[in-house]
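> Build me a structure from this.
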Amino acid sequence: MEMVLSILGEIGRVLVDNLTSPSFLLIYLALFGLVTWQYRRLQKMSEFLLPGRKKIYLRSALVSTIFGLMGGILGSVLLIFLGIDLAGIGISQLWLMAIILMLIQPRFLCFAYGAGLLSLSNLLFAYPDINIPQLMGLVAVLHLVESLLILVNGSYSPLPVYIKKNGQLRGGFNLQLFWPIPLVALLGVGYIDPMSGINMPDWWPLLRDSARFTEGQTYALLPIMAVLGYGEISTTQTPYQTTRKSSRHLFLFSLVLLFLAILASRWALFLPLAAIFSPLGHELVIWLGMRAENRVPIYVPSKRGIRVLEVLPGSPVHRAGVRSRDVILTLNGAMTNHFSVLQELSGYEYQDIVLEIKRGEKIFKLLLPGGTNQDLGIIPVPENNAPRYLTMSDDGIFCTAQRIWKRIKKVHLLPPK
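Have a look, this model is predicted:
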């Protein structure tokens with residue numbers, strides 16, 4: 001426990017020293033500006049559904065920055081306990097590979113793909129000279145932190161969107177988040193006798209490359225900046241359900257990759273397995289998320305009444321108790337099958353409004369007091385005349401893999417002759 005507290009103290013000291021340094025603070029603020037710009041861009045896509053809500057992106061950026069700081073502390077602890085040395089990972093080659101892959105397909109801007117290809121190149125051609133277990137350990141730690149951030153922050157303030165998929169209009173939520181992560185990592189500085197430091201136990205480091213590791217190595221703590229991102233469209237599940245499932249899949253991927261990295265650091269037999277699993281395992285995580293969007297959508301019009309896609313926080317109907325996926329059956333006893341009718345009937349600002357709501361199998365009434373001329377705050381699911389929507393299609397790679405899988409199943413299910 002004393003060692004853990006000492007490591008946390010050193011991480012805190014390095015972060016404080018650097019976050020108060022003008023140059024490092026400037027980089028941090030630049031990343032915050034980049035994250036804020038991304039949230040503002042996303043909000044513009046849903047602007048026609050969010051009347052009067054102009055500063056949502058600022059709140060989202062601030063919340064993400066706070067969670068990113070906590071994620072950075074956790075990631076730093078994991079990097080140090082694993083003994084990941086940035087000197088042997090090939091960070092510059094990793095970034096170059098990630099950028100090249102991004103030009104091929106934007107979603108390939110992920111270290112899982114770049115690290116896998118670099119590791120395979122090292123195994124086949126002995127270039128670049130990198131420490132594969134530690135590189136895989138870095139990828140595993142970053143995705144582990146990302147999975148936890150998705151769990152605690154992924155469904156925060158989701159942006160409502162209209163989607164057209166397979167010729168059908170449906171409502172949904174754009175779940176995209178970005179976290180600026182200040183990390184503290186190890187950097188090998190040689191075999192010097194430090195004036196002060198922390199003596200690590202005999203079992204450390206966990207990622208011990210037997211071909212390179214020697215006793216007496218001294219490490220310094222190096223601050224680095226990273227940005228983690230998450231993106232998904234949710235139309236067949238609630239944002240909470242989607243982010244929990246995505247977090248679980250990514251967490252399991254991270255644990256398996258970390259386990260393979262530890263095995264590969266001790267037995268070379270596991271090096272190819274870790275290198276192959278990094279991109280393929282991440283593809284599996286993406287495929288599971290995209291497969292879920294081929295199920296029956298839940299944000300579509302009801303046979304009777306108006307289904308609610310989202311209720312703006314603080315709006316009159318939100319205070320009255322209306323929630324996402326509710327169906328408004330009647331307003332003051334009058335049928336409401338189109339949103340324009342609901343808007344017209346609710347235009348009498350000094351009249352109390354009684355809403356008949358269907359939530360699941362329950363039907364009940366809610367009172368909306370008069371005396372307000374605010375917008376109701378209801379975002380309905382799209383009707384046939386939706387003015388704007390996003391077009392959503394399956395990834396080409398997944399479509400090809402799905403066709404191959406169907407053919408394989410068809411061959412195996414054919415009766416023997």
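> okay, CA-based contacts and neighbour counts for the rest of this
Will do.
> Thought Ile328 was touching Ser302, still the case?
No: look at Ser302 against Ile328 with CA atoms under 8 Å: they stay out of range, at 9.6 Å.
> How far does the lengthiest strand in the chain sit from its chain's centre?
Taking DSSP state E as the criterion, the chain has its longest strand at strand 168-190. Between the centre of strand 168-190 and the centre of its host chain there is 6 Å, according to CA atoms, centre = their mean, to the nearest Å.
> Please point out which parts of the following helix or strand past that strand sit buried.
Where DSSP states H and E defines the elements, the next helix or strand beyond strand 168-190 is strand 218-234. Neighbour counts using 16 or more other CA atoms under 10 Å place Thr218, Tyr219, Leu221, Leu222, Pro223, Val227, Leu228, Tyr230, Glu232, Ile233, Ser234 of strand 218-234 among the buried residues.
> And stretch 313-320, by the same measure?
Buried residues in stretch 313-320 (16+ other CA under 10 Å): Pro316, Val317, His318.
> okay if I get those residues as CSV plus pLDDT?
As requested, those are exported to CSV (pLDDT from 0 to 100):
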residue, pLDDT
Pro316, 82
Val317, 86
His318, 89
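> Looking at these, which are in helices?
Pro316, Val317, His318 (DSSP state H).
> for the second one, what are its contacts?
This means Val317. Taking CA atoms under 8 Å, 6 or more residues apart in numbering, we find Val317 in contact with Val311, Leu368, Leu376, Gly377, Ile378.
> Sketch out the low-pLDDT regions of the stretch 101-250 of the chain for me.
Along the stretch 101-250 of the chain, segments meeting pLDDT under 70 span 190-203, 208-217.
> Which parts of the stretch 51-200 of the chain are strands?
Secondary structure of the stretch 51-200 of the chain (DSSP state E, counting those that start in this stretch): strands at 159-165, 168-190.
> Tell me how far the residue nearest to the spatial centre of the chain lies from Arg40.
By CA atoms, centre = their mean, the chain has its centre lying nearest to Tyr230, at 2.5 Å. Going from Tyr230 to Arg40 by CA to CA, to the nearest Å gives 16 Å.
> follow-up on the earlier one: of the ones in helices among the buried residues of stretch 313-320, closest to Leu273?
His318 (51.4 Å; CA to CA).
> Help me confirm that that closest one comes into contact with Ile379.
No: using CA under 8 Å as the test, His318 is too far from Ile379 to be in contact (11.3 Å).
> Check the separation of the first and last residues in stretch 380-392.
End to end - CA to CA - stretch 380-392 spans 19 Å.
> Give me the number of neighbouring residues for Glu172.
To be clear, residue 172 is Gly; Glu isn't right here. Counted with other CA atoms under 10 Å, residues neighbouring Gly172 total 27.
> How about it, nearest residue that isn't a chain neighbour?
In this structure, Gly172 finds its nearest non-sequential neighbour in Thr235, 4.3 Å apart by CA to CA, 6 or more residues apart in numbering.
> Quick one: residues contacting Leu222.
Contacts of Leu222 (CA under 8 Å, 6+ apart): Val14, Val184, Ala185, Leu186, Leu187.
> Same list, those, but as a markdown table with distance to Leu284 and neighbour count please.
Putting the contacts of Leu222 into a markdown table (distance: CA to CA, whole Å; neighbours: other CA atoms under 10 Å) gives the following:
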| residue | distance to Leu284 | neighbour count |
| --- | --- | --- |
| Val14 | 37 | 16 |
| Val184 | 30 | 26 |
| Ala185 | 29 | 23 |
| Leu186 | 31 | 21 |
| Leu187 | 33 | 18 |
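> Pipe those residues into JSON lines and attach distance to Gly88 per row.
Shown next, in JSON lines, are the contacts of Leu222 (distance: CA to CA, whole Å):
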{"residue": "Val14", "distance to Gly88": "22"}
{"residue": "Val184", "distance to Gly88": "16"}
{"residue": "Ala185", "distance to Gly88": "12"}
{"residue": "Leu186", "distance to Gly88": "11"}
{"residue": "Leu187", "distance to Gly88": "9"}
